[in-house]
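In: coords below, sequence missing:
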């Protein structure tokens, strides 16, 4: 009996020591974050902006959390390519054994990665992709960018308050653009406005003359435009001026990506006076933003951060917070519990992850494109506080 007890005690001791050794070895291993974004082709500029924001974050906050080294594994989805994004997410989880997934700019890619995240139960911190409801059935996904309706409806309400009674919508023919057209029309007509028409522009279009001629012929008070930051914003604005829509008294309003800071140098003075609504501008007046801009420009002095840069910064902030709260570990379910309802001060202002939808709640800003000290900027002139996506359930 004594011998059996001694053997049992020895076996228990060996098991405990093995578990402790295994735990210590795990703690010695880097915590891996798989970061998927668009780094090549037409989307290379967005990839550069994300890279700069990530480098600025790591330089500011370090690469160790709760004693655990943080390792980012960067992967290029090449642009709108959901099959590529899905494959990269699978490889990061199965082969590289990442603890978190992060990144993604485009809606089709986000849907693909969120599906992989759900199947593998690996938390996914979505940086951009602005179509509503794409994370509703992805319980391990949270969003740190914005949704198109979230920033569209306040703009339609501003147009109504400022006496615009008729409108025409011009938007790109894919998820976020369709969301924008729907949200603007619903909000504008609900307030008593009248839509004179809409036109869906192919995503790869670079010639706006034919589309804007339709707007000019309809003679609305205001033209609402959705064009993402990597497409034809500069061309659309130049066509607006060249066709004389401004001289015909047709006001142009848009979402912020249309006059994104990265595009303004190419657009030039054609952007002056555009009223836009968005969640971020590099000129946002707060200490947190000034510190962020300073950190960003320390990496790349020639450019300014934009809405994707701030979303990448905030996603990393959230990741560091949940890693620290778990003492350097990442349990998937505990991570999602910590992310739900998380609130902090972002460079764009206060943000919160809605505990029910896992979507972002944030300020929406109305801005005017102006020239200050010889540089085109988007100047905020009104704030709509802590807006939720109107379609999220």
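Out: Sure thing, it's come through. Computed from a predicted structure; not experimentally measured.
In: give me the distance between residue 374 and residue 264.
Out: Going from residue 374 to residue 264 by CB to CB, to the nearest Å gives 12 Å. The way it works is simple: take the backbone N, C-alpha and C, and place the C-beta from them, glycine included.
In: give me the more crowded residue out of these two.
Out: Higher neighbour count among residue 374 and residue 264: residue 264, with 24 against 5, using other CB atoms under 10 Å.
In: quick check, that one in contact with residue 270.
Out: No: counting by CB atoms under 8 Å, residue 264 stays clear of residue 270, with 9.8 Å between them.
In: helices of the protein, residue ranges please.
Out: For the chain, the helices defined by DSSP state H occupy 2-28, 44-61, 82-94, 107-120, 148-161, 175-190, 209-218, 233-242, 264-267, 287-299, 307-325, 332-339.
In: identify whichever of these lies nearest to residue 138.
Out: Distance to residue 138, taken as CB to CB, is lowest for helix 107-120 among the helices of the chain, at 3.8 Å.
In: re earlier: turn the helices of the chain into TSV, columns for distance to residue 252.
Out: Shown next, in TSV, are those (distance: least, CB to CB, whole Å):
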stretch	distance to residue 252
helix 2-28	56
helix 44-61	23
helix 82-94	32
helix 107-120	25
helix 148-161	11
helix 175-190	13
helix 209-218	9
helix 233-242	6
helix 264-267	12
helix 287-299	27
helix 307-325	20
helix 332-339	38
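In: mind putting the ones you listed into a markdown table with distance to residue 277 and mean pLDDT?
Out: A markdown table is the format used below for the helices of the chain (distance: least, CB to CB, whole Å; pLDDT from 0 to 100):
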| stretch | distance to residue 277 | mean pLDDT |
| --- | --- | --- |
| helix 2-28 | 46 | 46 |
| helix 44-61 | 21 | 95 |
| helix 82-94 | 28 | 98 |
| helix 107-120 | 19 | 97 |
| helix 148-161 | 4 | 96 |
| helix 175-190 | 10 | 94 |
| helix 209-218 | 20 | 96 |
| helix 233-242 | 15 | 89 |
| helix 264-267 | 17 | 84 |
| helix 287-299 | 18 | 98 |
| helix 307-325 | 12 | 97 |
| helix 332-339 | 26 | 98 |
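In: which among these is found nearest to residue 69?
Out: Nearest to residue 69, of all the helices of the chain, is helix 2-28, at 8.7 Å by CB to CB.
In: apart from its neighbours in sequence, what residue is nearest residue 53?
Out: Among residues not flanking residue 53 along the chain, residue 309 sits closest, at 3.9 Å (CB to CB, 6 or more residues apart in numbering).
In: can you count the residues close to that neighbour?
Out: Per other CB under 10 Å, the neighbour tally for residue 309 reads 31.
In: surely it meets residue 51?
Out: No: counting by CB under 8 Å, residue 309 stays clear of residue 51, with 9.6 Å between them.
In: name the residues of stretch 87-102 that are buried.
Out: The neighbour-count check on stretch 87-102 (16 or more other CB atoms under 10 Å) flags 88, 89, 92, 93, 98, 99, 100, 101, 102 as buried.
In: in contact with the fourth one, which residues?
Out: For residue 93, the contacting residues are 34, 101, 116, 120, 122, taking CB atoms under 8 Å, 6 or more residues apart in numbering as the criterion.
In: could you redo the last one with a cut-off of 6 Å?
Out: Contacts were defined as CB atoms under 6 Å, 6 or more residues apart in numbering; by that measure residue 93 touches 120, 122.
In: how near is it to residue 78?
Out: Distance of residue 93 to residue 78, computed by CB to CB: 19 Å.
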